[in-house]
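In: Sequence plus predicted model, see below.
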Amino acid sequence: MPAPATAQPATVSVLGLGLMGTALAAALLGAGHTVTVWNRNPARTGPLVAQGAHPAATPAAAVAASDLVIVCLLDNGAVRDVFDGLGDSVAHRTVANLTNGTPAQARELAAWATERGARYLDGGIMAVPQMIAGPHAYVLYSGDEDAFRAHRSTFAALGDTRFVGADPGLAAVHDVALLTGMYGMTVGVMQAFALARTENIPAAELAGPLVEWIGAMLAGTPEEAAAIDSGKHLTDVSSLTANQAALPNLMETFRDQGLSTAFFEPLRELLDRAVEQGHGTDGLSRLATLLEK
């Protein structure tokens, strides 16, 4: 999809001023847009008002002020509570819900908005607040593609814009998938630090090698993806049988060092099941299929 044209000043309302919502509103102000802000605790609007934002006393007043409404609350339960008080005031507006949630929640909220004459986009923010408007931030969008195209240049103030499909739930699917990879990596890194601590190895000493090693392993991700999409899991790198044989050494080390082996238990179950089912010569990509119910 081609890059958006330079944004013309737009009217945007931001509902929710936690750390992320505040960062979104500040980025929009920095890009020259007219921004109205609302938060359940009105005190949170103060710093943004000082930057030029307009405070709204209620969500309905915020919605009335702008053509584009960006929602960033704690969860989609809070979003629904706010939406239930808006009624048909959202008609003829675009609602972009950037609150973390599930695909089912996104589809439910999209149906709610459509029934009231609004255009709905669901989004997944792939950044922490400090990254917003920076070169590495991007936001996933799904839902009404015409609405996305109409406001894409405004969304560009937040980071790169990536439309992933007309199904409103698709941004959440991508978001949760990417977060799953992040959490898996993070927990693995914390396990490595915990092991190092048992021998008084400073975490800082292990940080560099972890970055180097994990980065090298991530380079093989496209090949793993190709194997999953093709269903051809044979490997000349590291078979499931080899991994099954190696895993007890990791678990024994953790036990010997007085650490929990809970991190490894799901992997052991998957490896055992894969080998039992005759997939021992396959690569780790096979495990993705064994997670399906």
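Out: The structure has been received and is ready for your questions.
In: What's the local residue count around the nearest residue to V90 once chain neighbours are set aside?
Out: Leaving aside its sequence neighbours, V90 sits nearest to A118 (Cβ to Cβ, 6 or more residues apart in numbering; 4.0 Å). Where C-beta positions appear, they are placed from N, C-alpha and C, glycine not excepted. By the criterion of other Cβ atoms under 10 Å, A118 has 23 neighbours.
In: Spit out the contact partners of A118.
Out: Neighbouring residues of A118 by Cβ atoms under 8 Å, 6 or more residues apart in numbering: V90, A91, H92, R93, T94, V95.
In: all strands for the chain, in order.
Out: 11-15, 34-38, 54-55, 68-71, 94-97, 119-126, 138-143, 160-165 (DSSP state E).
In: And those: which comes nearest V187?
Out: strand 119-126 (19.0 Å; Cβ to Cβ).
In: Need the strands of the chain in TSV (columns: mean neighbour count, distance to N249 and mean pLDDT).
Out: As requested, these are arranged in TSV below (neighbours: other Cβ atoms under 10 Å; distance: least, Cβ to Cβ, whole Å; pLDDT from 0 to 100):
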stretch	mean neighbour count	distance to N249	mean pLDDT
strand 11-15	26	51	98
strand 34-38	25	55	98
strand 54-55	17	60	98
strand 68-71	26	49	98
strand 94-97	27	46	98
strand 119-126	26	35	98
strand 138-143	25	39	98
strand 160-165	18	40	98
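In: Surely V69 and T11 touch.
Out: No - under the criterion of Cβ atoms under 8 Å, V69 makes no contact with T11, lying 9.8 Å away.
In: Below-threshold pLDDT in the stretch 1-150 of the chain: ranges please.
Out: Applying pLDDT under 70 to the stretch 1-150 of the chain flags the ranges 1-7.
In: er, the stretch 151-293 of the chain actually
Out: If you take pLDDT under 70 as the line, the stretch 151-293 of the chain has no such spans.
In: mind listing the helices for it?
Out: In the stretch 151-293 of the chain, the segments counted as helices under DSSP state H, counting those that start in this stretch are 170-197, 203-218, 221-230, 240-256, 265-276, 286-290.
In: The first one vs strand 160-165, what angle?
Out: It stands for helix 170-197. 120 degrees (axes from the mean of the first three to the mean of the last three Cα atoms, to 10 degrees).
In: buried stuff in helix 170-197?
Out: Under the neighbour-count criterion of 16 or more other Cβ atoms under 10 Å, helix 170-197 has 170-175, 189, 191-196 buried.
In: From these, pick the one nearest Q244.
Out: Distance to Q244 across those (Cβ to Cβ) is lowest for Q191, with 19.1 Å.
In: ok, now which ones touch the closest one?
Out: So Q191 contacts F254, L259, F263 (Cβ under 8 Å, 6+ apart).
In: what does A227 give?
Out: H233, T235, G283, S285.
In: so the second one touches G280, yeah?
Out: It refers to T235. No - T235 lies out of contact with G280 (Cβ under 8 Å); the separation is 10.9 Å.
In: This protein - how does it break down into domains?
Out: For the chain, the structural domains run 11-167, 174-290, going by automatic domain parsing.
In: Single out the most deeply packed of those.
Out: domain 11-167 (a mean of 19; mean count of other Cβ atoms under 10 Å).
In: ok now stretch 48-62, how far from the chain's centre?
Out: 27 Å (Cα atoms, centre = their mean, to the nearest Å).
In: One more: stretch 79-98?
Out: Computed by Cα atoms, centre = their mean, the chain-centroid distance of stretch 79-98 equals 22 Å.
In: same check, this time on stretch 107-121
Out: 21 Å.
In: Straight-line length of it, end to end?
Out: End-to-end distance for stretch 107-121, by Cα to Cα, to the nearest Å: 10 Å.
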